[in-house]
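Colleague: Need coordinates for the below:
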Amino acid sequence: NDVKVASLQAAFRRHLRNSPWLGPCRFGPLLFQIGVQRLNPNARLGLLLFAIYCVVYFGFVLVNAFAPRWMSDVTWSGVNLAVLWGMGLIVLAFGLALIYGVLCRADSDAGSRSNSPPSA
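Modeller: Below is the predicted model of the structure:
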């Protein structure tokens, strides 16, 4: 088992060194020390949903930084894009939280049913 972890760490380090996006990175060993490879499915789901939110928020920031005129465009019912996108981010956060809650609850319900003794 230790051999598998060591080979995964080495492969991950090689990937980070050769990545055109990351270049030299020192976070690879840290990720293995905190046990990213052993995250439970709920944590992985949470990280995925967080990444989705970050992509949308990063788009919002980029548009504000590099195309601020777009944000002043009136798009719907006299409301500009900045307000709509900001409200959309809030709605997206609530939606992703609901998705996370429903999926994690379904996962825990399925686990509790399989571990419960059969009823007579």
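
Colleague: Now do the lengthiest helix in the chain, average pLDDT.
Modeller: Assignment by DSSP state H gives helix 81-115 as the longest helix of the chain. Model confidence over helix 81-115, given as mean pLDDT, is 82.

Colleague: Name the residues of it that are buried.
Modeller: Buried residues in helix 81-115, counting neighbours by 16 or more other C-beta atoms under 10 Å, are found at 81, 82, 84, 85, 92, 96, 100, 104. In this view, the C-beta of every residue, glycine as well, is placed from N, C-alpha and C.

Colleague: quick one: the spatially closest residue to the fourth one that is not a sequence neighbour from residue 106, how far?
Modeller: The spatially closest residue to residue 85, leaving aside those adjacent along the chain, is residue 60, at 5.4 Å (C-beta to C-beta, 6 or more residues apart in numbering). Separation of residue 60 from residue 106 (C-beta to C-beta, to the nearest Å): 31 Å.

Colleague: ok, now how distant is residue 64 from residue 79?
Modeller: 16 Å.

Colleague: same deal with residue 92?
Modeller: Distance, residue 92 to residue 79, by C-beta to C-beta: 17 Å.
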